[in-house]
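> predicted model follows, preceded by the sequence.
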Amino acid sequence: MSSDTIAASRLDNVRATLDAVLKPVLPADWKTVPNIDTPQAKQLVPVLYTEFTGISSDYNGQTLPQGTVFCDFDLVVSVASTDNKKGEDDADKAVLDLIVAVDQADQVAWSTAKKQRMETGQLVWRVSLAVLTSTN
C-alpha cells in the first residue's frame, strides 16, 4: 500500500474513496449496486456491492500511528446464474477479475475471498479488504 493512502482517504469519505479507486480498474461491463437485494443484482453481468464492516487501529498485531485506522470492507461479487455448473464457473471468473482489479489499486489490500450461495440460489464471492485511512 502506498504512503499517499492516508492523504487520499479520510474516515468521513472512505466509502466514496474506495468506490473511486475501484471504478477505473473494474471490468467495464460490471455494475455496482448499493446492496445485493436491489433489482440490478439479477442482471446477467457481474454485480459488485460494498459492505463497510469494521474499523481497526491495529494491523497484524501492530498498533497504527494515532490518527490512522484500517477500514474493513467486504466486496461481494454476484452473478445472475443459479445453474450449478455455469453459475460456479461465472462466479469464479468474476472473483478472479475482481482480485486482479483490487491488486491494481494501491490504496487497498485484500486478505481473503470466500464463496457463498445466497437464498436466491446465486453464488457470490465475498472478498475482504482494508483501506488505510486518516481520522483527521
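Received it, and whenever you're ready, just let me know what you need. Numbering: from 1, shown residues only.

> show me what contacts residue 128?
Residue 128 makes contact with 53, 72-74, 110-113 under the criterion Cβ atoms under 8 Å, 6 or more residues apart in numbering. Bear in mind the C-beta positions are built from the backbone N, C-alpha and C, glycine included.

> repeat for residue 129
For residue 129, the contact set (Cβ under 8 Å, 6+ apart) comprises 72-75, 102, 108-111.

> run the last query once more with 10 Å
By Cβ atoms under 10 Å, 6 or more residues apart in numbering, the contact set of residue 129 is 18, 22, 50, 53, 70-75, 98-99, 102, 105, 108-113.

> state the distance from it to residue 85.
Per Cβ to Cβ, to the nearest Å, residue 129 is found 29 Å from residue 85.

> over to residue 103?
For residue 103 relative to residue 85 (Cβ to Cβ), the value is 28 Å.

> more crowded one of those two?
Neighbour count, other Cβ atoms under 10 Å: between residue 103 and residue 85, residue 103 has more, with 12 against 8.

> shaky segments in the chain?
1-8, 34-45, 82 (pLDDT under 70).

> hmm, 80 instead?
Residue ranges of the chain with pLDDT under 80: 1-9, 31-47, 59-60, 79-84, 87, 106-107, 118-122, 136.

> report the central residue of it.
residue 75 (2.6 Å; Cα atoms, centre = their mean).

> let's verify it: helix, strand, or coil?
Residue 75 falls in the strand class when you classify it by DSSP: H, G, I helix; E, B strand; the rest coil.

> same question for the one 5 residues further on.
Secondary structure for residue 80, judged by three-state DSSP, is coil.
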